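Student: Please find the sequence and the predicted model below.
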Amino acid sequence: MGFFDRMNQQPAAAAPGTAKPEEVHGDKTERIVFADLPETLDAFKALPQAELTSPFDTAALAVVAFCLFPADKELCYQMIDFLRGPRPMTGADKQFISDRFRGKDYVPRSYFEGAVPGNNYMPTEPYTITVKTGAHSYDSEGYVKLFIPSGGADDPRPVTLRCKGDKWYLWEYSSILSGIRTPAQEDPWA
């Protein structure tokens, strides 16, 4: 039984994830793989990606954190604060996230491989998130704009990370919370 099957059940310990880099058409692509998703802040911080030494890892962890929102919004906020580093969320930031989830808790699941409208955005296991660079990813010094494909959108969604020292922190993520195609179970036209 995977994380999404257990969302309304008792939390379990998380398994560590691994990253698998690959090159695609000159752009860098990394597939971040999680055997399971963390269900506590300590388990989240214990993931190897939580070292935040790669912007690809930080971007993938943002998706993981947002997946916790339907089960525990305060835990989601704590995880996002961790990813934001020395720039904690404001009340407006939290309200923005809450507004995006109204009736659309499936949005962050859509970034995992195998999650599409036809299966109501239930990802395949192990949970895998693909993160890519684009032509202008490194245009701003100290920042990188990466792209995460969604099974419910035509184009990958951008997320911006900021480097401070040797760590990559979550900077701008509003696009990964934008609307996508309605899951089949909620679509009267499906």
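Tutor: On my side now, so go ahead.
Student: so the residue most central in space within the chain is in which element?
Tutor: The structure's the chain has its C-alpha centroid closest to Val63; by C-alpha atoms, centre = their mean the separation is 1.0 Å. Mapping Val63 onto the secondary structure by DSSP states H and E places it in helix 55-67.
Student: if we can go back for a sec, distance check, the nearest residue in space to the residue nearest to the centre of the chain that is not next to it in sequence against Tyr127.
Tutor: Taking C-beta to C-beta, 6 or more residues apart in numbering as the measure, Val63 lies nearest to Tyr111, with 4.7 Å between them; neighbours along the chain are not counted. The way it works is simple: take the backbone N, C-alpha and C, and place the C-beta from them, glycine included. Relative to Tyr127, Tyr111 is positioned 10 Å away (criterion: C-beta to C-beta, to the nearest Å).
Student: of these two, who's got more company?
Tutor: Tyr111 (32 against 27; other C-beta atoms under 10 Å).
Student: for that one, what are its contacts?
Tutor: With contacts defined as C-beta atoms under 8 Å, 6 or more residues apart in numbering, Tyr111 is in contact with Val63, Ile129, Ile148, Pro149, Ser150, Gly151, Arg157, Ile176.
Student: Would you confirm that the second one contacts Gly114?
Tutor: No: counting by C-beta atoms under 8 Å, Ile129 stays clear of Gly114, with 11.2 Å between them.
Student: Okay, and which of the contacts of Tyr111 map to strands?
Tutor: Among the contacts of Tyr111, the members falling in strands (DSSP state E) are Ile129, Ile148, Arg157.
Student: before we move on, the earlier item: what is the nearest of the contacts of Tyr111 to Asp27?
Tutor: Using C-beta to C-beta, Pro149 is the member of those that sits closest to Asp27, with 12.4 Å.
Student: confidence score at that closest one?
Tutor: In the prediction, the pLDDT value recorded for Pro149 is 98.
Student: burial count for it?
Tutor: By other C-beta under 10 Å, 18 other residues sit near Pro149.
Student: My guess is it contacts Thr130. True?
Tutor: Yes: with contact defined as C-beta under 8 Å, Pro149 counts as touching Thr130 (5.6 Å).
Student: pLDDT at the residue lying closest to Asn120 once chain neighbours are set aside, what is it?
Tutor: Leaving out its chain neighbours, the residue that sits closest to Asn120 by C-beta to C-beta, 6+ apart is Pro183, at 4.1 Å. With respect to pLDDT, Pro183 has a value of 93.
Student: Distance of Pro183 relative to Lys104?
Tutor: When Pro183 is compared with Lys104 (using C-beta to C-beta), they lie 9 Å apart.
Student: Compare those two and say which is more crowded by neighbours.
Tutor: Taking Pro183 and Lys104 together and counting by other C-beta under 10 Å, Pro183 has the greater number of neighbours (21 against 18).
Student: give me phi/psi at that one?
Tutor: Pro183 has phi and psi values of phi -60, psi 150 when expressed as degrees, to the nearest 10.
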